[in-house]
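Novice: missing the sequence, but the structure's below:
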């Protein structure tokens, strides 16, 4: 079982993603209702930006958290932290 991993930013990220989810569902309705493609594309762009911002917030917060832990904890495994940095930075 993995350790629960949370940061202060997580509730805000969850809220942002829930709004994006609701927005995406309304876009599906727009498509089903035959709304103009330009309107649909605009709305999809808004959802895409919201998801990208949620991802950036999650990654940057995680990097800050790991860096703080490493700096403030002399017993921290710096090799593991570096590998974690490499792994998550691939998603930026």
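Specialist: Arrived safely. Keep in mind the model is a prediction, meaning the values are calculated, not measured.
Novice: Spatially central residue in the chain, please.
Specialist: residue 55 (2.2 Å; Cα atoms, centre = their mean).
Novice: in what helix or strand does that one lie?
Specialist: Using DSSP states H and E, residue 55 maps to helix 37-72.
Novice: now that helix, how far from the chain's geometric center?
Specialist: Centroid separation for helix 37-72 versus its chain: 4 Å, with Cα atoms, centre = their mean, to the nearest Å.
Novice: Tell me the buried residues in that helix?
Specialist: 40, 43-44, 47, 50-51, 54, 57-58, 61-63, 66, 70 (16 or more other Cβ atoms under 10 Å). (C-beta placed from N, C-alpha, C; glycine too.)
Novice: now those as CSV including distance to residue 8 and pLDDT?
Specialist: Converted to CSV, the buried residues of helix 37-72 look like this (distance: Cβ to Cβ, whole Å; pLDDT from 0 to 100):
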residue, distance to residue 8, pLDDT
40, 35, 97
43, 30, 97
44, 30, 97
47, 25, 96
50, 20, 94
51, 20, 96
54, 15, 96
57, 11, 94
58, 12, 93
61, 7, 91
62, 11, 87
63, 14, 88
66, 14, 79
70, 18, 78
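Novice: Need the phi and psi values for the residue nearest to the residue nearest to the centre of the chain when sequence neighbours are not counted.
Specialist: Nearest in space to residue 55, with sequence neighbours left out and distances taken as Cβ to Cβ, 6 or more residues apart in numbering, is residue 91 at 6.7 Å. In terms of degrees, to the nearest 10, the main-chain angles of residue 91 are phi -90, psi 0.
Novice: Give me the number of neighbouring residues for residue 91.
Specialist: For residue 91, the count of nearby residues is 9 (other Cβ atoms under 10 Å).
Novice: From residue 64, how far off is residue 33?
Specialist: 43 Å (Cβ to Cβ, to the nearest Å).
Novice: Assign the residue of the chain positioned farthest from its centre to helix, strand or coil.
Specialist: Most distant from the centre of the chain: residue 34, at 30.7 Å, with distances by Cα atoms, centre = their mean. Three-state assignment for residue 34 (DSSP: H, G, I helix; E, B strand; the rest coil): coil.
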